[in-house]
Structure formats: C-alpha cells, structure tokens
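Q: return atomic coordinates for the entry below.
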Amino acid sequence: MFEGFTKKYNCRYLVYFERYDDIRCGIGREKELKGWRRAKKIA
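A: Residues are numbered from 1 along each chain as shown. This next block holds a predicted model:
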C-alpha cells in the first residue's frame with residue numbers, strides 16, 4: 001500500500017469508480033462528488 005489516505009484509514013477495497021476519456025470531465029465529477037454531503041453519498 002502507498003502511504004497516504006489509504007494507509008492512514010486502512011482502506012482495502014475499491015467499491016466504486018467511474019471512467020472518463022477526458023481528464024477535465026473526471027476532475028469536474030470528482031469535485032461534484034466531494035461537494036456532496038455524506039448522507040447523499042451513502043444514499
């Protein structure tokens with residue numbers, strides 16, 4: 001495991017991913033998801 005978030009929180013599994021051909025679209029989606037509240041992410 002790489003040091004950082006995954007090591008600090010002992011993450012072991014990838015549970016979701018999305019693939020984008022354009023990095024700008026991927027970055028935009030990441031910002032959108034990070035802006036959501038936890039309850040919306042869980043739902």
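Q: hey, let's count contacts and neighbours off CA atoms from now on
A: Will do.
Q: residue 36: neighbour count?
A: The number of residues packed near residue 36 is 10, by other Cα atoms under 10 Å.
Q: and the pLDDT for it?
A: Note on residue 36: pLDDT of 89.
Q: again, but for residue 2
A: So residue 2 comes in at 58 (pLDDT).
Q: low pLDDT regions in the chain?
A: Low-confidence segments of the chain (pLDDT under 70): 1-2.
Q: 90 instead?
A: For the chain, the stretches with pLDDT under 90 are 1-16, 36, 38, 40-43.
Q: relative to residue 18, how far out is the residue minimising distance to the centre of it?
A: Residue closest to the average C-alpha location in the chain (Cα atoms, centre = their mean): residue 30, at 6.6 Å. From residue 30 across to residue 18, the span is 10 Å (Cα to Cα, to the nearest Å).
Q: before we move on, the earlier item: which SSE is the residue nearest to the centre of the chain in?
A: Applying DSSP states H and E as the criterion places residue 30 in helix 23-35.
Q: can I get that helix as CSV, trimmed to CA atoms?
A: Output in CSV follows, covering the C-alpha atoms of helix 23-35 (Å, rounded to 0.1, in the frame of the first residue of the first chain):
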residue,chain,number,x,y,z
ILE,A,23,-9.4,14.3,-17.6
ARG,A,24,-11.3,17.6,-17.3
CYS,A,25,-14.6,15.7,-17.1
GLY,A,26,-13.2,13.4,-14.5
ILE,A,27,-11.9,16.2,-12.3
GLY,A,28,-15.2,18.0,-12.6
ARG,A,29,-17.1,14.9,-11.5
GLU,A,30,-14.6,14.4,-8.6
LYS,A,31,-15.3,18.0,-7.4
GLU,A,32,-19.0,17.4,-7.7
LEU,A,33,-18.9,14.2,-5.6
LYS,A,34,-16.6,15.9,-3.0
GLY,A,35,-19.2,18.7,-2.6
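Q: gap between it and the chain center?
A: Relative to its parent chain, helix 23-35 has a centroid offset of 9 Å by Cα atoms, centre = their mean, to the nearest Å.
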